[in-house]
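Novice: test case, fold it:
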Amino acid sequence: MPVFFNEVWLKDMSAPVMKGVTDFLGKLREGVKPHNLPEDLKLLAGPWLSNEEAKVYFVFEIDDPTKTYEAFAERVADGLFLRRKLTLVQDWAGARSFSAYLNRKQDAVEIAS
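Specialist: Presented below is the predicted three-dimensional model:
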């Protein structure tokens, strides 16, 4: 299943926002999802709070990340989140496989030269 690194910018770090964020993400850590998050979403790591800015990070897996739109938009409407950045990540075995592919491709170029 695809794995995503999620960066979520918070509205601010006021007491009401931090309570809402920690309640939402705390429940997600425990496997309790709101009605508008798909069943196949699984939190793998985090959440972590940034020391430098009003932002949280976490890693999750899901087949189709577009199915998280409604839950994210609801948190924006509630005044908790401002924006997010989802980054698809590859595990290390995938990186090694890609490296081998590039080396095979380079060998083929050298043989053809």
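Novice: quick one: average pLDDT of the longest helix along the chain?
Specialist: Of all the segments of type helix in the chain, defined by DSSP state H, the longest one is helix 92-112. Averaging pLDDT along helix 92-112 yields 87.
Novice: go on, stretch 39-52?
Specialist: Mean per-residue pLDDT for stretch 39-52: 94.
Novice: now swap in stretch 8-25 and tell me
Specialist: 95.
Novice: mind listing what's buried along it?
Specialist: Buried residues in stretch 8-25, defined by neighbour count with 16 or more other C-beta atoms under 10 Å: 8, 10-11, 17-18, 20-21, 24-25. Using the backbone N, CA and C atoms, a C-beta is placed for each residue, glycine as well.
Novice: turn those into CSV, columns for secondary structure and distance to residue 64.
Specialist: CSV is the format used below for those (DSSP: H, G, I helix; E, B strand; the rest coil; distance: C-beta to C-beta, whole Å):
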residue, secondary structure, distance to residue 64
8, strand, 19
10, strand, 25
11, coil, 27
17, helix, 28
18, helix, 30
20, helix, 26
21, helix, 24
24, helix, 21
25, helix, 21
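Novice: how about residue 82, nearest residue that isn't a chain neighbour?
Specialist: Using C-beta to C-beta, 6 or more residues apart in numbering and skipping the chain neighbours, the partner closest in space to residue 82 is residue 9 (4.4 Å).
Novice: just the buried residues of stretch 8-25 now: which is nearest residue 83?
Specialist: The closest of these to residue 83 turns out to be residue 8 (C-beta to C-beta; 7.7 Å).
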